[in-house]
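Student: my questions are about this predicted structure, shown below with the sequence.
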Amino acid sequence: MGKTYPAISGRLREFIEAQPVYFVASAPLAEDGHVNLSPKGHNGSLQVLDEQTVAYLDFGGSHAETHAHLRENGRITLMWCAFSGPPNIVRVHGTGEAVYRDDPRFAELIPRFAEADGPGVRAVIVVRAKLITDTCGYAVPIMEYREERPLLRQFLGRKSDDEFAAYCESKEHNATSLDGLLALPLPLPARKD
């Protein structure tokens, strides 16, 4: 049933890159802290950088829980499920880091995302694998993918960079997490690429 892999390569990489949706989980160290689980999508917004590293675009929103957890402890897990085709679930357990818009690495990373880059990108989240596993996925339902929702791009696309930075500052849980941990660095750095 379940297997462990030394690298994100071959059919494992093909599987990850083919999925239209994935999930990101993180948690604070405090045992009474809030675990965060976020669905992610947008075609091309996740890239396998090498056999041990994946990265995804972090778009603006009303929370920044993953940022807070990565700043506190770095733990993160990404999961992909096969909603069509043979059943499978793949997880990358690792450590993550947010590469913000004023970091020189941002300008190096962002071209890898080509058309997925757009208004409202707060950071690139880089995840280095510590454990790569898959399991059967027999209980995951078969569902049909229709299309991406354009709403986030439309909403963020109506904002200038300054308006987007103000939007990030206006959200209570962008500067601090639900548990009071530091999250996004505000004011949000301007893009330099």
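Tutor: Now that the structure is in, tell me what you want to look at.
Student: next one: stretch 109-126 to chain centre, how far?
Tutor: On the basis of Cα atoms, centre = their mean, to the nearest Å, stretch 109-126 sits 11 Å off its chain's mean C-alpha point.
Student: remind me, longest strand of the protein?
Tutor: For the chain, the strand reaching the highest residue count under DSSP state E is reported as strand 121-135.
Student: adjacent strands (with direction) for it?
Tutor: strand 3-5 (antiparallel), strand 53-59 (antiparallel), strand 89-100 (antiparallel) (DSSP bridges).
Student: buried sites along the longest one?
Tutor: Okay, so that is strand 89-100. Within strand 89-100, the residues that count as buried by 16 or more other Cβ atoms under 10 Å are 89-94, 96-100. Every C-beta, even on glycine, is put in place using the N, C-alpha and C of the backbone.
Student: what of the second one?
Tutor: Taking 16+ other Cβ under 10 Å as the neighbour-count basis, strand 53-59 is seen to contain the buried residues 54-59.
Student: same thing with the first one?
Tutor: Buried residues in strand 3-5, counting neighbours by 16+ other Cβ under 10 Å, are found at Tyr5.
Student: going forward, the N-terminal residue is numbered 50.
Tutor: Fine by me, first position is 50 from now on; the one you just mentioned is strand 52-54.
Student: next helix or strand past that strand?
Tutor: Scanning forward in sequence from strand 52-54 by DSSP states H and E, the next helix or strand is helix 59-67.
Student: average pLDDT for that following helix, rounded please.
Tutor: The average pLDDT for helix 59-67 rounds to 96.
Student: helices or strands up against it?
Tutor: strand 95-99, strand 138-149 (3 or more Cβ pairs under 8 Å, 6 or more residues apart in numbering; DSSP states H and E).
Student: end-to-end on stretch 216-233?
Tutor: This stretch, stretch 216-233, spans 12 Å end to end (Cα to Cα, to the nearest Å).
Student: and that stretch, how far out from the chain middle?
Tutor: For stretch 216-233 - counting by Cα atoms, centre = their mean - the centre lies 17 Å from the chain centre.
Student: residues of that stretch that come out buried?
Tutor: For stretch 216-233, burial by neighbour count (16+ other Cβ under 10 Å) applies to 216-217, 220, 222-224, 226, 228, 230, 232-233.
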